[in-house]
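# Mind folding the following:
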Amino acid sequence: MSGLMYVHADSSSADNPYIHIVARNVFNLNALTVEPPAQVAAPQLPKITLDGYMTGLKTYLLFKISTQATSTSNAALETRYVLGEGEQVNDVKLIHFDAHAGVAIIQAHGIQQEISLPGR
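Numbering: from 1, shown residues only. Take a look at the predicted model:
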């Protein structure tokens, strides 16, 4: 019957010919250090203000989007839009508008928001 022999080699033993290489650290090997990822602040939601709506053959929503001043620019940016349901300009899309309830679902810069008309 054949057997299996297990030998545990201690790296600090004098029998190990490579212990001097590890001790000298000629390749300047260091232990792996993992730094936790930096905390990323949540993006500021753009402020969307509904101004009103127009009806005709199609209902159009009038609204403006205000962005906060950044560290590179001290001026706040305000952009006005007139969009029909399903229309998109750049990164702003009017998903749905309910004129009776006065509620609009707008997707701005990848973030979907539900906003009501003032006074409703």
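
# Enumerate every residue touching Leu62.
By Cβ atoms under 8 Å, 6 or more residues apart in numbering, the contact set of Leu62 is 50-54, 80-82. The way it works is simple: take the backbone N, C-alpha and C, and place the C-beta from them, glycine included.

# Return the per-residue confidence for it.
Note on Leu62: pLDDT of 86.

# Can you name the helix or strand that it falls in?
strand 60-67 (DSSP states H and E).

# I'd like the next helix or strand past that strand.
Using DSSP H and E, the first helix or strand after strand 60-67 is strand 77-84.

# Give me the contact list for that next one.
Where contact means Cβ under 8 Å, 6+ apart, the residues beyond strand 77-84 that reach it are 51, 54, 58-67, 89, 92-94.

# how deep is Val92 tucked in, by neighbour count?
Using other Cβ atoms under 10 Å, Val92 has 18 neighbouring residues.

# tell me the contacts of it?
Counted by Cβ under 8 Å, 6+ apart, Val92 has contacts 65, 79, 81, 83, 106-109.

# Neighbour count, pLDDT and distance to Asp98 for these - can I get that in a markdown table?
Compiled in a markdown table, the contacts of Val92 are given as follows (neighbours: other Cβ atoms under 10 Å; pLDDT from 0 to 100; distance: Cβ to Cβ, whole Å):
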| residue | neighbour count | pLDDT | distance to Asp98 |
| --- | --- | --- | --- |
| Ile65 | 18 | 82 | 20 |
| Thr79 | 14 | 86 | 23 |
| Tyr81 | 19 | 86 | 18 |
| Leu83 | 18 | 88 | 15 |
| Ile106 | 23 | 90 | 13 |
| Gln107 | 14 | 90 | 16 |
| Ala108 | 22 | 85 | 18 |
| His109 | 12 | 82 | 23 |
